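In: what follows is a protein structure lacking sequence information:
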């Protein structure tokens with residue numbers, strides 16, 4: 001964990017998406033990212049380094065935004 005980076009919160013959709021892309025790379029294509037269940041996505045986000053949000057703060061809106069930004073991040077690397 002990088003102690004110099006500020007903590008990531010639920011509203012930091014792009015930062016969360018970048019962290020997910022860094023974690024999973026090209027294991028997930030665009031189609032696979034959109035098929036991820038929110039219950040799984042929630043667990044993955046909670047285990048990211050520097051993630052400071054809580055399970056209780058999670059919303060469907062946050063998860064939808066993270067999923068969409070993850071797709072953009074994946075596309076940027078293709």
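Out: Now that the structure is in, tell me what you want to look at. Here the structure is a predicted model, which means the values were calculated and not measured. Numbers count the residues shown, from 1 in each chain.

In: now the helices for the protein?
Out: Using DSSP state H, the helices found in the chain span residues 13-24, 30-35, 38-46, 60-76.

In: angle of the first one against helix 38-46?
Out: Compare the direction of helix 13-24 with that of helix 38-46 by axes from the mean of the first three to the mean of the last three CA atoms, to 10 degrees and you get 90 degrees.

In: by contact count, what packs against helix 13-24?
Out: Helices and strands touching helix 13-24, by 3 or more CB pairs under 8 Å, 6 or more residues apart in numbering; DSSP states H and E, are helix 38-46, helix 60-76. Every C-beta, even on glycine, is put in place using the N, C-alpha and C of the backbone.

In: how about a cut-off of 7 Å?
Out: Applying 3 or more CB pairs under 7 Å, 6 or more residues apart in numbering; DSSP states H and E, one finds that helix 13-24 contacts helix 60-76.

In: check the third one too.
Out: For helix 38-46, the elements it packs on are helix 60-76, judged by 3+ CB pairs under 7 Å, 6+ apart.

In: pLDDT on the helix it packs on, on average?
Out: Averaged across helix 60-76, pLDDT comes to 97.

In: ok so, going back, of the helices of the chain, which is nearest residue 6?
Out: Residue 6 lies closest to helix 13-24 among the helices of the chain, at 9.0 Å (CB to CB).
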